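S.K.: Sequence first, predicted coordinates after that:
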Amino acid sequence: QVLVVESGGGLVQPGGSLRLSCAASGTIFSINTMGWYRQAPGNLRELVAVITSSGNTSHADSVKDRFTISRGDAKNTVYLQMSSLKPEDTAVYYCNADGVRAYSFSRLRGPYWGQGTQVTVSS
């Protein structure tokens with residue numbers, strides 16, 4: 001089984017910065033993609049940013065030039081650096097790991113989701 005854990009959420013003023021962390025653990029040989037999603041009250045969950053095993057990234061238009069997804073030095077960790085935060089960025093942020101192989105010969109599994117971390121942007 002795979003466990004995904006996020007951390008780093010909190011309350012921040014508009015214009016401020018915050019960094020979210022995500023770590024996937026368990027029996028993992030490789031992960032194809034790890035991504036950040038968010039869900040505000042009354043809204044559907046939406047993609048924020050994703051990073052592939054080769055390091056390619058993609059960011060939603062709403063966060064481009066403000067948010068950056070990156071891989072950590074520790075295996076199977078990713079970060080979301082958020083700057084110039086706006087009240088509309090307020091949401092629960094979820095991390096997921098998709099295309100997970102437990103062993104080199106295993107089939108791909110996922111996505112696996114974390115429990116989410118609350119980000120509130122307010123003065």
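M.R.: Sure thing, it's come through.

S.K.: CA atoms for contacts and neighbours, from now on please.
M.R.: Fine.

S.K.: Pull the contacting residues for residue 28.
M.R.: Listed by C-alpha atoms under 8 Å, 6 or more residues apart in numbering, the contact partners of residue 28 are 2, 100-103.

S.K.: ugh, typo on my part, it should be residue 12
M.R.: Contacts of residue 12 (C-alpha under 8 Å, 6+ apart): 18, 119-123.

S.K.: Name the residues linked to the residue most central in space within the chain by a beta bridge.
M.R.: The centroid of the chain falls nearest to residue 36 when counting by C-alpha atoms, centre = their mean (2.6 Å). For residue 36, the beta-bridge partners are residue 49, residue 95 (DSSP bridges).

S.K.: tell me the contacts of it?
M.R.: Going by C-alpha under 8 Å, 6+ apart, the list of residues near residue 36 reads 47-50, 80, 93-96.

S.K.: Closest to residue 113 out of those residues?
M.R.: Minimum distance to residue 113 across those is 4.5 Å, recorded for residue 96 (C-alpha to C-alpha).

S.K.: what pLDDT does that closest one get?
M.R.: Model confidence at residue 96, given as pLDDT, is 97.

S.K.: got a list of what it touches?
M.R.: 4, 34-37, 111-114.

S.K.: Need the residues that contact stretch 13-20.
M.R.: By C-alpha under 8 Å, 6+ apart, stretch 13-20 touches 6-9, 12, 79-87, 121-123.
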